[in-house]
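Colleague: dropping the sequence and predicted coords here.
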Amino acid sequence: MPRLGVDVDCYLKTEALPTVWCPGCGNGTVVQALALALARLGRPPEEVAVVGGIGCSGRTPFYVRTHAMHTTHGRALAFATGLKLARPSLTVVVATGDGDLLAIGTNHFLHAARRNVDLTVLLFNNGIYGMTGGQMAPTTPEGGRTTTSLAGSAERPFDAVELAMAAGATYVARTTTFDMQELPLRIEEAIRHPGFALVEVITQCPTYFGRLNRIGEAPEMLLWERDHTEDLHGAGEGLALPALTTGVFRQERRTEYTEAYRALCAARGGRYGDE
Ligand SMILES: Cc1ncc(C[n+]2csc(CCOP(=O)(O)OP(=O)(O)O)c2C)c(N)n1
Ligand code: SF4
């Protein structure tokens, strides 16, 4: 029975349900939005690969009926870059956490963006290390309580959007699990974009972030997301948390890395990838 207007079940491993994720975790919402985006794009599952890092969000490949890679902590983009270079015809989507991408994996993030490799990166930003027990992440907001910052974080968090833009990403967006209209749309745009695309998704970890910061369970966390974000075009002067501005920050064309590599091979009379 088609849900959400299109049949998404062909992209989901429904037999693997229920997921290992805690009740109310935002990860399932992102997976559903990804399936919806793929269905709207009409991408056959066998032409898609989902690459996960390590973390709760890194388990995304377990639940999608596409090619799947479960890699090592921080290295999802390195695996994904290799996969895309070897099989340029594949649509490659990376599912990564804020610890995975913006702590141990920062270098891979910056260089994949700089090269403009045609990858879609879904950054599940829950502001905390979920899988390992709620430690502080580079995205934990100032004052945010985690199991390693019980008095509140004294650090300024990374802004993934600014980092991606400075490094040269050609599609950069931020949205939330609260906005189930916008989330699949942004993923769809990112997959269609021929270059490095980042969709930062502000998502909820009720088990650690919600509990430690006394926000509440998933429903309260979704309302918190709604109340702490503002659309890029509607952002007013008084916005207290500019890091939570949502929208599309960049969408531009620049030579894509596998295309440049293909041209280089052709100029030298060689074949490239799976062609
Ligand atoms: C090389 C290495 N370092 C550290 C770990 C331990 N580790 C596993 S998951 C994780 C953090 C996960 O946090 P995040 O990436 O934010 O994902 P989430 O679980 O919140 O989705 C860490 C530090 C590991 N598995 N491998
Ligand atoms: S610990 Fe947090 S991020 Fe991990 S599954 Fe539970 S709610 Fe989700």
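Modeller: That came through fine. Ligands and ions are numbered 1, 2, ... in the order given.
Colleague: so how far is ligand 2 from the residue lying closest to residue 152 once chain neighbours are set aside?
Modeller: Nearest non-adjacent residue to residue 152, counting by C-beta to C-beta, 6 or more residues apart in numbering: residue 143, 4.2 Å away. All C-beta spots, glycine's among them, are computed from the backbone N, C-alpha and C. Per C-beta to the nearest ligand atom, to the nearest Å, residue 143 is found 20 Å from ligand 2.
Colleague: ditto for residue 136
Modeller: 14 Å.
Colleague: next up, phi/psi of whichever residue of the stretch 151-275 of the chain sits closest to ligand 2, please.
Modeller: In the stretch 151-275 of the chain, the residue that lies nearest ligand 2 is residue 205 (3.2 Å; C-beta to the nearest ligand atom). The phi/psi pair for residue 205 (degrees, to the nearest 10) reads phi -110, psi 90.
Colleague: residues contacting it?
Modeller: Residues near residue 205 by C-beta atoms under 8 Å, 6 or more residues apart in numbering: 22, 25, 26, 56, 126, 127, 128, 130, 134.
Colleague: nearest residue to residue 85 other than its sequence neighbours?
Modeller: Using C-beta to C-beta, 6+ apart and skipping the chain neighbours, the partner closest in space to residue 85 is residue 258 (6.1 Å).
Colleague: just checking, the one you found touches residue 90?
Modeller: No: using C-beta atoms under 8 Å, residue 258 is not in contact with residue 90; the gap is 10.3 Å.
Colleague: which neighbours do these two have in common?
Modeller: Shared contacts of residue 258 and residue 90 (C-beta under 8 Å, 6+ apart): residue 84.
Colleague: neighbour count winner among these two?
Modeller: Remark: of residue 258 and residue 90, residue 258 carries more neighbours, 22 against 19, as counted by other C-beta atoms under 10 Å.
Colleague: quick one: residues contacting residue 64.
Modeller: Residue 64 makes contact with 11, 12, 13, 31, 34, 35, 45, 48, 50, according to C-beta under 8 Å, 6+ apart.
Colleague: quickly find the element holding the residue nearest to residue 85.
Modeller: Element membership for residue 258 (DSSP states H and E) is helix 257-267.
Colleague: buried stuff in that helix?
Modeller: Within helix 257-267, the residues that count as buried by 16 or more other C-beta atoms under 10 Å are 257, 258, 261, 262.
Colleague: so which of these is the closest to ligand 1?
Modeller: Of all the buried residues of helix 257-267, ligand 1 sits closest to residue 257, with 24.8 Å by C-beta to the nearest ligand atom.
Colleague: my read: residue 105 touches residue 72, true?
Modeller: No: using C-beta under 8 Å as the test, residue 105 is too far from residue 72 to be in contact (9.6 Å).
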